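> sequence first, predicted model second:
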Amino acid sequence: MLITTNPSGHLKAICGQWEQGDSFQELVGGQLFGTIDSVNFDDPDDIYLSTSTSIVLENCALMLWIQQQTGEPITVGCQWAADFQSGAFALSNGLFKEFTVSTDALMDLQKALLMEQTDSLEIDALRDEGKTEEEIDEILWEWSDEYRVEARDGLQIEFLRSVHDGNHNLTDYAYFKTLTALGAEWQINDLPDMAKSASRLLKPIDYGDPEYIDSIFGQQSDEFWKLHRDRIHEILRNLPEHLKDRKDLFKQIIPNVAAWVLEYAGPEVRSDKDILRLAIEADETHNYAPSALEYAAEEVFEDREFLEEVLTRQKGEYYNLPEAVKTNRELLKIVLKQGLSLPEEVSTDRELVEIYVASGDTWVYNHVPEEMASDPELAKNYIRNGGSWSSVPEPLRKQWKLMKVFIEHYDYEQKYISVDYELADHLGLDTSGLTKKIKLSLDFILKCLEVNSQFSRAIEVYWINSEEELLTLFTDHDLVSYELSNSLVLGSVMLFAESECSSSAWYHEIFRRALALVPLSERMQELERDMIVNLMKGVEGDENTDKLKKVVSRSIRLMAVGAYWKAYYGEGPILDRY
């Protein structure tokens, strides 16, 4: 990153003796570990130094140190560029500001700068050569690359100048004015915590102060996780040798970072099992790949009980075991039970493959050798433990014995139940996107219910071939005694609302369930009251009054059920589905 000051002469006055390769640690101290990449103090119109570090916080700490070396009001700037955007940090009066602009906006600006310098005769010459307007535009974009640095540096320098001038209206400056005319945008952010965070880096780490350790090794509020990682790497690379076996220190650092900090620890720390447990937890907390055993001392791998504990908690630590330990059959069983990828060298071991497919991992069967995958018992074991139906070889998927296992062990308690694909695939029905609603025979549905009564929760109204078959399920097979899907409850209520069976006990029960799903809104309740009042006018006798109230209430509730169905299941009448 490029460091400058405004006025520019202050940078030379403060850092004029610095040279390429100089260490921040020697020049400034504290926790700065980068180096000077280059310096330019000879050109009074272009005085700068560039740093080797891309860590924002470290560059900001250097900016803060430079400002602290003079009592005069100066602005310290830090210019940077990346693939997708570029920008600058400005430090003035103890406060940091950040400017960022996208690469797309820069490209628009650089083309505008090109057009300001391009004679129309040059473009006409391209047309005379037979170039199309599209080809000419591509050529102009290529030419505009020469203005990339001017566009980027121009915006950065004007931003720094505006901060120094105290002028918040960036359109007063030429490059920003052009950018605004192009309709492009940029971002300016205040960084209120940056000065405090940067000032910490200017002080040596007090390894005897637990509170200070937390503040240094923890991720700062304005620090991206990768920058935090890089900063901690820099600190630990310079950790004094006598601290590398201090267990209390690493017990405090690790929870703030991850297991990889053990790379910088001594053997006493790397052999401590409590510290390794902390490291495993830190990886989980901060979403790092497991790496605690990668840094563990050799004697740790002699403790079989501890290794079993670790692998039971974090299967990925298996990859950090020494090759000789990885072959331990009992340890391998522990991780295979959790669905860790089946090592090729044991892919024909029947016992281990059985453990692997029973892990509960949805897709493990895709990694089973072909000759074993076609084994019906292995496939049943896989499906029994929540495996994906589509991963099993097709011939097995056509067998009722496998479908029976699927129906027996499917999780009917989950919120979203859908077995259309599995049933259609098993029966040889069209499964291409399941754009068509499947139809199932009454015998097949009853067969599935005999296997597992919870299958009733999966039954959809569109599965049934006709109104008569659905009625048979309720009248001859007591379907109402089962738990039913919402669509079956609502659809059945609507289908049989005007039929003779609407007065039956089973219909009253599903109607009750439908009302539990679709409580009347305040608007529907008001409508019900209004209709009852209007219908009661001129009606005499309590018996007639009660009958009319029931008719109106039932009608309103059917309207609510129909509205709910339409919202969730589509426009068409239910009977259109048969």
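Cool, the structure landed.
> return the per-residue confidence for the residue nearest the centre of the chain.
Compute the mean C-alpha point of the chain, and by CA atoms, centre = their mean the closest residue is Asn287, 11.4 Å away. Predicted confidence (pLDDT) for Asn287: 93.
> report the secondary structure state of it.
coil (DSSP: H, G, I helix; E, B strand; the rest coil).
> low-confidence regions, the chain specifically.
By pLDDT under 70, the low-scoring segments of the chain are 222, 433-436, 519-554, 556, 560, 564-565, 567-578.
> the strands in it, which residues?
For the chain, applying DSSP state E gives strands covering 2-6, 36-40, 48-51, 75-81, 85-92, 95-102, 187-191.
> enumerate the positions of the first one that are buried.
Of the residues in strand 2-6, Leu2, Ile3, Thr4, Thr5, Asn6 count as buried by neighbour count, 16 or more other CB atoms under 10 Å. Quick note: C-beta positions are derived from backbone N, CA and C, even for glycine.
> dump the strands of the chain to CSV, plus distance to Phe511.
Formatted as CSV, those follow (distance: least, CB to CB, whole Å):
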stretch, distance to Phe511
strand 2-6, 76
strand 36-40, 79
strand 48-51, 76
strand 75-81, 68
strand 85-92, 61
strand 95-102, 59
strand 187-191, 59
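> quick one: which of these is nearest Ile355?
Evaluated over the strands of the chain, closeness to Ile355 peaks at strand 85-92, with 49.5 Å, by CB to CB.
> who touches the closest one?
Outside strand 85-92, the residues within contact range by CB atoms under 8 Å, 6 or more residues apart in numbering are 56, 59-60, 63-64, 67, 73-80, 96-103, 106, 152, 156, 159-160, 163-164, 191, 194-195.
> now the angle from it to strand 95-102?
160 degrees (axes from the mean of the first three to the mean of the last three CA atoms, to 10 degrees).
> okay, the angle between strand 85-92 and strand 75-81?
Going by the same axes, to 10 degrees, strand 85-92 makes 170 degrees with strand 75-81.
> which ones are touching Asn59?
Met1, Ile3, Gly34, Thr51, Thr53, Cys78, Phe89.
> what do you get if the cut-off is 10 Å, keeping everything else the same?
Met1, Leu2, Ile3, Phe24, Leu32, Gly34, Thr51, Thr53, Cys78, Trp80, Phe89, Ala198 (CB atoms under 10 Å, 6 or more residues apart in numbering).
> before we move on, what about Lys177?
Glu158, Leu170, Thr171.
> check Val257 too.
With CB under 10 Å, 6+ apart, Val257 has these contacts: 217-219, 228-229, 232-233, 236, 279, 282-283, 285-286, 288.
> next: Ser197.
Ser197 neighbours (CB under 10 Å, 6+ apart): 56-57, 60-61, 64, 96, 191, 215-216, 220-223.
> do the same with Asn385
Gly339, Val357, Ala358, Ser359, Gly360, Asp361, Thr362, Val364, His409.
> try it again with 7 Å
Asn385 makes contact with Ala358, Ser359, Gly360, according to CB atoms under 7 Å, 6 or more residues apart in numbering.
> returning to what we had before: can you tell me which of the contacts of Val257 are buried?
With burial judged by 16+ other CB under 10 Å, the buried subset of those is Phe217, Gln219, His228, Arg229, Ile232, His233, Leu236, Ala279, Ala282, Asp283, His286, Tyr288.
> right, and the second one touches Lys226 too?
What it means is Gln219. No. Using CB atoms under 7 Å, Gln219 is not in contact with Lys226, being 10.5 Å away.
> just to revisit the earlier point, put the buried members of the contacts of strand 85-92 into a ChimeraX selection.
Of the contacts of strand 85-92, the buried ones can be selected in ChimeraX as follows, counting by 16+ other CB under 10 Å:
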select :56,59,60,63,64,67,74,75,76,77,78,79,80,96,97,98,99,100,101,102,106,152,156,159,160,163,164,191,194,195
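> neighbours of the residue lying closest to Pro395 once chain neighbours are set aside, just the number please.
In this structure, Pro395 finds its nearest non-sequential neighbour in Ser374, 7.2 Å apart by CB to CB, 6 or more residues apart in numbering. Neighbour count for Ser374, taken as other CB atoms under 10 Å: 15.
> the one 10 residues further on too?
The burial metric for Arg384, expressed as a neighbour count using other CB under 10 Å, is 16.
> neighbours around the spatially closest residue to it that is not a sequence neighbour, how many?
Nearest non-adjacent residue to Arg384, counting by CB to CB, 6+ apart: His409, 4.9 Å away. When neighbours are defined as other CB under 10 Å, His409 has 15 of them.
> residue boundaries of the helices in the stretch 201-350 of the chain?
For the stretch 201-350 of the chain, helices defined by DSSP state H, counting those that start in this stretch occupy the ranges 210-217, 225-237, 247-253, 267-270, 273-285, 304-313, 323-326, 329-336, 350-357.
> closest one to Thr132 among these?
Among the helices of the stretch 201-350 of the chain, if distance is taken as CB to CB, the winner is helix 225-237, at 44.3 Å.
> who touches the closest one?
Residues contacting helix 225-237 (CB under 7 Å, 6+ apart): Gln31, Phe33, Ile55, Val56, Leu57, Glu58, Phe217, Gln219, Val257, Val261, Tyr264.
> pretty sure Tyr264 sits against Pro240.
No. Counting by CB under 7 Å, Tyr264 does not reach Pro240; the two are 10.9 Å apart.
> neighbour count for these two, which is higher?
Tyr264 (19 against 9).
> out of everything not next to it in sequence, what's closest to the more buried one?
Leu236 (3.9 Å).
> any idea how far the one you found is from Trp260?
9 Å (CB to CB, to the nearest Å).
> just checking, Ile407 touches Ser453?
No. Look at Ile407 against Ser453 with CB under 7 Å: they stay out of range, at 10.5 Å.
> what about those two, which has more around it?
Ile407 (24 against 13).
> for the more buried one, give me its contacts.
Cys448, Val451, Asn452, Phe455.
> and for the first one, the neighbour number?
By that I understand Cys448. Going by other CB under 10 Å, the residues that sit close to Cys448 add up to 22.
> for it, list the residues it contacts.
Ile407, Phe455.
> roughly how far apart are it and Lys244?
In this structure, Cys448 and Lys244 are 64 Å apart, going by CB to CB.
> surely Ala61 meets Lys203?
No. The pair Ala61 / Lys203 is not scored as a contact, 9.9 Å apart, by CB under 7 Å.
> spell out which residues are contacts of both of the two.
Gly30.
> those two: which has the busier surroundings?
Taking neighbours as other CB under 10 Å, Ala61 and Lys203 compare with Ala61 leading, 26 against 13.
> now for the closest residue to Asp172 other than its chain neighbours, how many residues are close by?
Computed as CB to CB, 6+ apart, the closest residue to Asp172 that is not its neighbour in sequence is Ser162, at 7.6 Å. The local packing of Ser162 (other CB under 10 Å) involves 21 other residues.
> try Glu377
By other CB under 10 Å, 9 other residues sit near Glu377.
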